[in-house]
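> Here is a sequence with its predicted model. Questions after.
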Amino acid sequence: MSLDDLKTAVAKVVGVKQTAKALQKQTASAVYIAADAEERITAPIKAECEKQNVDCLVVESMQALGKACGIHAGASAAAILKH
């Protein structure tokens, strides 16, 4: 699982709220979290990933994650959706 997988994913969501919704609906196959995002924001997502046994990759920065998602802003979290 790498950022390249996220870049080429057909179905993905970007942002903490959308990632949390995907986890809640159990449609996330992999989750990416920015290392420089606030812990209070990302902790619930990390916990849900562990609970659901979903792969969770920590990315170096919000800018790198946003770029991998094809947006011109930083992103705290993103997820690849199941097909």
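Perfect, thanks for sending it.
> Identify the residues contacting the lengthiest helix in the chain?
Using DSSP state H, we find that the single longest helix of the chain is helix 39-52. Defining contact as C-beta atoms under 8 Å, 6 or more residues apart in numbering, one finds that helix 39-52 is touched by 16, 19-20, 23-24, 26, 28, 31, 33-34, 54-56, 76-77. Using the backbone N, CA and C atoms, a C-beta is placed for each residue, glycine as well.
> now stretch 4-11
So stretch 4-11 is in contact with 12, 30, 32, 68-70, 78, 80-83, going by C-beta under 8 Å, 6+ apart.
> can you pull the contacts of residue 54?
23, 28-31, 48.
> Do a quick rundown of the strands in the protein.
With strands called from DSSP state E, the chain shows them at 12-14, 28-34, 55-59, 77-81.
> Give the partner strands of the last one in its sheet and their orientations.
So the one you mean is strand 77-81. Here strand 77-81 is paired, per DSSP bridges, with strand 12-14 (antiparallel), strand 28-34 (antiparallel).
> Could I get the contacting residues of residue 26?
Going by C-beta under 8 Å, 6+ apart, the list of residues near residue 26 reads residue 52.
> What separation do you get for it and residue 82?
8 Å (C-beta to C-beta, to the nearest Å).
> Residue 22 too?
Distance of residue 22 to residue 82, computed by C-beta to C-beta: 9 Å.
> Between these two, which has more neighbouring residues?
Shown here are residue 22 and residue 82; by other C-beta atoms under 10 Å, residue 22 has more neighbours (25 against 12).
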